[in-house]
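Enquirer: Pasted the sequence and its predicted model underneath.
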Amino acid sequence: MTTESFKLASVIKFVPPFPYDVEQFLESFQNAMELRKFSRDRWFVLMHTKLTGKAQRDFSESSIEECNDYDTLKKALLMAYARVPEFYRKQFRTMQKGQWKTYANYALRMCTSFKAWLDGEQA
């Protein structure tokens, strides 16, 4: 067993499971990787171990070059789950406080949607 594979095996347990919400998974995954200071250029190696269903299918249909880059893989997952700028625009425009308990939480959710919308539009 190589040193790299030993490190990989010990880090996999920190990767969150893939839920129904791709955004939640990506946020949790990124936080877990940053907390453990795992090199960003190796994140893709860990991420694919937890993908299921549609996400796993899209991963298997991607080229090796696409799979070797976390940011490209993340973008492909978001596209597969229709998390395109239009999705975030609609989410931002239709969000109501009712589903969030506090104004602070509501404001945070609005900012997150707005930022994702602008990032997606490269504004």
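Expert: Done, it's in. Computed from a predicted structure; not experimentally measured.
Enquirer: What's the separation between Ala32 and Pro16?
Expert: Here Ala32 is placed at a distance of 6 Å from Pro16 (CB to CB, to the nearest Å). The way it works is simple: take the backbone N, C-alpha and C, and place the C-beta from them, glycine included.
Enquirer: How about His48?
Expert: 14 Å.
Enquirer: cool, and Gln30?
Expert: For Gln30, the distance to Pro16 (CB to CB) stands at 10 Å.
Enquirer: mind checking how far the spatially closest residue to Gln91 that is not a sequence neighbour is from Phe14?
Expert: Spatial nearest neighbour of Gln91, chain neighbours left out: Ser113 (4.6 Å); criterion: CB to CB, 6 or more residues apart in numbering. Here the criterion is CB to CB. By it, Ser113 lies 28 Å from Phe14.
Enquirer: try Thr49
Expert: Distance of Thr49 to Phe14, given as CB to CB: 11 Å.
Enquirer: repeat for Arg109
Expert: According to CB to CB, Arg109 stands 26 Å off from Phe14.
Enquirer: Helix or strand: which one has the residue nearest to the spatial centre of the chain?
Expert: For the chain, the residue sitting closest to the mean C-alpha position, by CA atoms, centre = their mean, is Leu26 at 2.0 Å. Using DSSP states H and E, Leu26 maps to helix 22-35.
Enquirer: Check which helices and strands that helix is in contact with.
Expert: Applying 3 or more CB pairs under 8 Å, 6 or more residues apart in numbering; DSSP states H and E, one finds that helix 22-35 contacts helix 43-47, helix 70-80.
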